[in-house]
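Trainee: Model the structure of this input:
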Amino acid sequence: MNTILDLQNISTTVNAGTNEEKKILKNINLKLEDGDFVTLLGTNGAGKSTLLNIINGSLFPTTGKIFLKKRNLTNDSEVKRAKYIAQVFQDPKMGTAPRMTVAENLLLATKRGHHRGLHLRGLDKHLDDFKKETSQLPNGLNERLNTFVGNLSGGQRQTLSFLMATIKRPDLLLLDEHTAALDPNTSRELLELTDKVVREEHLTCIMITHQLKDAIKYGNRTIILNSGEIVLDVKGKDKKKLTEEDILQYFAD
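Mentor: Below is the predicted model of the structure:
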């Protein structure tokens, strides 16, 4: 198997040198192989979002190194990493441009990682492809290509965010509780879409979730963080045997 992500001795400290100094991540060592779909669990404050922020470049580790496909990204900016890493956030308002249409947002996504000017070019020639892509999605996005994204529902906007993150195959996909703000039915639809795309496109993915059932149902690997440390990392047959009771013991005081 090819190693896609390699985190080496990652630690993150905030408020260093003060009475409020706190280590959020503690010597995290983690390797993701090609096609790993990780469901990431942990209590509030366990370090889940911090871990994703360290990977995407919006935070830098206090110590440690980050490799993606053997490229050392440790000191690379978030903008540079966006060429390789795509993310969908919990808030449907993040990751899309509200004053641009659905089609214009998708066109931007196809240019991820490339230099582009201020003016969109060649939108018309992409419309048929965008119609085809969105016709396979829930929420009727294929009928709203010319709608400003700010006028979409939360579910439509989050589905668009997911399509934008995956329309140009990323080396690594990060999902930070991307269904948490949605109603149960829309959340289920987006999770099923996520599972389908990740499997069919053989994407390497980390998905934060607070739902134990979702952590068990989706992905080939489950990781639990507790106080900034990995306390469980199971995959394959061991993951398939995992129960909610097994997981809950790692959340006990």
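Trainee: what stretches of the stretch 51-200 of the chain score poorly on pLDDT?
Mentor: Along the stretch 51-200 of the chain, the model assigns pLDDT under 70 to residues 113-122.
Trainee: Give me the three-state assignment for the most centrally placed residue in the chain.
Mentor: Taking Cα atoms, centre = their mean, the centroid of the chain lies closest to Leu174, which sits 1.7 Å from it. Following DSSP: H, G, I helix; E, B strand; the rest coil, we place Leu174 in the strand state.
Trainee: beta partners for it?
Mentor: According to DSSP bridges, the partner residues bridging Leu174 are Gln87, Ile206.
Trainee: Contacts only, for it.
Mentor: With contacts defined as Cβ atoms under 8 Å, 6 or more residues apart in numbering, the neighbours of Leu174 are Leu52, Ile55, Asn56, Ile85, Ala86, Gln87, Val88, Cys205, Ile206. Every residue, glycine included, has its C-beta placed from N, CA and C.
Trainee: swap in Leu59?
Mentor: Contacts of Leu59 (Cβ under 8 Å, 6+ apart): Thr12, Thr50, Asn53.
Trainee: how about 6 Å then?
Mentor: Asn53 (Cβ atoms under 6 Å, 6 or more residues apart in numbering).
Trainee: Next one: it from Thr209, what distance?
Mentor: Distance, Leu59 to Thr209, by Cβ to Cβ, to the nearest Å: 21 Å.
Trainee: And for Asn142?
Mentor: On the measure of Cβ to Cβ, Asn142 and Thr209 end up 28 Å apart.
Trainee: Between the two, which has more neighbouring residues?
Mentor: Taking other Cβ atoms under 10 Å, Asn142 and Thr209 do not tie; Thr209 has more neighbours (23 against 15).
Trainee: Contacts only, for the more buried one.
Mentor: Taking Cβ under 6 Å, 6+ apart, one finds Thr39, Ala215 in contact with Thr209.
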